[in-house]
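Trainee: return atomic coordinates for the entry below.
(one chain, ligands or ions: 2)
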Amino acid sequence: MPKKTIQVPTELLNALADAQHVVVFTGAGVSAESGVSTFRDALTGLWARFDPMQLATPEAFLADPDLVWGWYEWRRQLLLKAHPNPAHQAIVKLAQQVPKLTVITQNVDDLHERAGSRDVLHLHGSIFNPRCFSCAQPYPLKQAPAMRHEQALPPPTCSYCQGMIRPGVVWFGEALPQAEMEAAFAAAENCDVLLSIGTSGVVQPAAQIPQLALRSGALVAHINLEPVSCQHARELSLVGVAGQILPLLVQD
Ligand code: BV8
Ligand code: ZN
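Mentor: Ligands and ions are numbered 1, 2, ... in the order given. The predicted model follows:
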């Protein structure tokens, strides 16, 4: 079965060629081809009975620190084995072809950085920057013993105040980092093209970013396995795998 060639709208290619500032806004779908499960994928093993929304909260951590810390350690270890995919690499290449490119991600992985993207704005923090739940002191991640299977793990204790160490991510019900959010919103309001890649557009306030760009006159292209409903003349939906579509947007 020949691979279905994806048609990239000329309007998008022309807008990228003329753009002074491009924003790339990513969600879990950009890391899917690296083997990193998205937030919509069912959880496995010990956590299979949970919805991520239930575990990614401060209440869940306080109720069962070992269960939640074990989940993050498991995900972190899987990430150490993952590699950036053609979607991450195409974004790095695009940055070399436009005057200014800002990467805003909802993801807590480091695959954009490992592909070569710089100054990535992490709206939901990073799984690699744990800190103390009580005094917020950063906790230097040591080479943890490899987890052979999914298990609950007691979180480390803070050497300053003996508090519990927590993942450096933004949980549901927690405020997003002010600086990153302001920089992301400013970029969305001042760009010519915004590529929204691999996001279900459900989680607030990040989900406002493509709308902000549209309201500021940018062309917005959604790149997703599923069609994204477009309400605006300057909004496009490209349906397909990010790792196949993004390379079509950059010149060889
Ligand atoms: C806050 C870190 C206030 C943790 C995450 C309004 C209405 C209702 C609720 C709210 C609201 N405003 C705020 C809320 C509450 C909540 C919220 O938005 N709830 C939602 C679910 C309704 N928001 C919050 O709590 C936020 N905080 O508002 O605070 C506040 C203010 C001041 C003071 C105190 C409090 C905090 C939100 C951050 C939560 N943390 N992550 C962790 O990772 O464990 S978000 C988490 O979910 C992920 O990090 C990710 O960002 C997000 C999942 O979204 P996606 O990235 O879109 O991923 P998803 O799996 O959903 O979709 C993947 C997509 O990719 C799919 O569309 C799929 O089709 C596509 N895809 C898959 N493969 C591919 C692909 N596309 C292309 N190619 C492929 N190969
Ligand atoms: Zn502490």
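Trainee: surely residue 74 is in contact with residue 147?
Mentor: Yes. With contact defined as C-beta atoms under 8 Å, residue 74 counts as touching residue 147 (5.7 Å). From N, CA and C alone the C-beta is placed, and that goes for glycine too.
Trainee: which of the two has more neighbours?
Mentor: Using other C-beta atoms under 10 Å as the criterion, residue 74 and residue 147 rank with residue 74 on top: 21 against 14.
Trainee: against residue 133, how distant is that one?
Mentor: Note on residue 74: its distance to residue 133, by C-beta to C-beta, to the nearest Å, is 19 Å.
Trainee: quick one, what contacts the residue of the stretch 51-200 of the chain found nearest ligand 1?
Mentor: Closest approach between the stretch 51-200 of the chain and ligand 1, counting by C-beta to the nearest ligand atom: residue 106, at 3.1 Å. Residues counted as contacts of residue 106 (C-beta atoms under 8 Å, 6 or more residues apart in numbering) are 25-28, 123-124, 199, 203, 206.
Trainee: close to ligand 1: what parts of the stretch 51-200 of the chain are there?
Mentor: 56, 106-108, 124, 169-175, 198-200 (C-beta under 6 Å from any ligand atom).
Trainee: buried only: go through these for me.
Mentor: 56, 106-108, 124, 169-171, 198-200 (16 or more other C-beta atoms under 10 Å).
Trainee: can I get those in TSV with secondary structure?
Mentor: Rendered in TSV, the data for those read as follows (DSSP: H, G, I helix; E, B strand; the rest coil):
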residue	secondary structure
56	coil
106	coil
107	coil
108	coil
124	coil
169	strand
170	coil
171	coil
198	coil
199	coil
200	coil
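Trainee: among the residues you listed, which one sits closest to residue 9?
Mentor: For residue 9, the closest of those turns out to be residue 198, at 18.6 Å, with distances computed as C-beta to C-beta.
Trainee: show the pLDDT at the closest residue to the closest one other than its chain neighbours.
Mentor: With sequence-adjacent residues excluded and distances taken as C-beta to C-beta, 6 or more residues apart in numbering, residue 198 is closest to residue 29, at 2.0 Å. For residue 29, the model assigns a pLDDT of 97.
Trainee: the chain should start at 617 in everything you say after this.
Mentor: All right, first residue 617 from here; so that's residue 645.
Trainee: quick one: residue 645 from residue 652, how far?
Mentor: Taking C-beta to C-beta as the measure, residue 645 and residue 652 are separated by 10 Å.
Trainee: go on, residue 752?
Mentor: Separation of residue 752 from residue 652 (C-beta to C-beta): 27 Å.
Trainee: please apply the same query to residue 851.
Mentor: For residue 851 relative to residue 652 (C-beta to C-beta), the value is 27 Å.
Trainee: near ligand 2, which residues of the stretch 617-766 of the chain?
Mentor: Selection of the stretch 617-766 of the chain residues close to ligand 2 by C-beta under 5 Å from the ion yields 748, 750-751, 753.
Trainee: quick one: the strands in this protein?
Mentor: Here the chain has its strands, by DSSP state E, at 637-642, 716-721, 737-738, 747-748, 781-782, 809-813, 835-840, 851-855.
Trainee: for this protein, which helix is longest?
Mentor: helix 681-696 (DSSP state H).
Trainee: so which other helices or strands are in contact with that one?
Mentor: helix 668-671, helix 674-679 (3 or more C-beta pairs under 8 Å, 6 or more residues apart in numbering; DSSP states H and E).
Trainee: quick one: end-to-end distance for stretch 741-749.
Mentor: End-to-end distance of stretch 741-749: 14 Å, with C-alpha to C-alpha, to the nearest Å as the criterion.
Trainee: try stretch 849-864
Mentor: Start and end residues of stretch 849-864 are separated by 22 Å (C-alpha to C-alpha).
Trainee: give the rounded mean pLDDT of it.
Mentor: Averaged across stretch 849-864, pLDDT comes to 97.
Trainee: distance from the chain centre to it, please.
Mentor: Mean C-alpha position of stretch 849-864 versus that of the full chain (C-alpha atoms, centre = their mean, to the nearest Å) differs by 17 Å.
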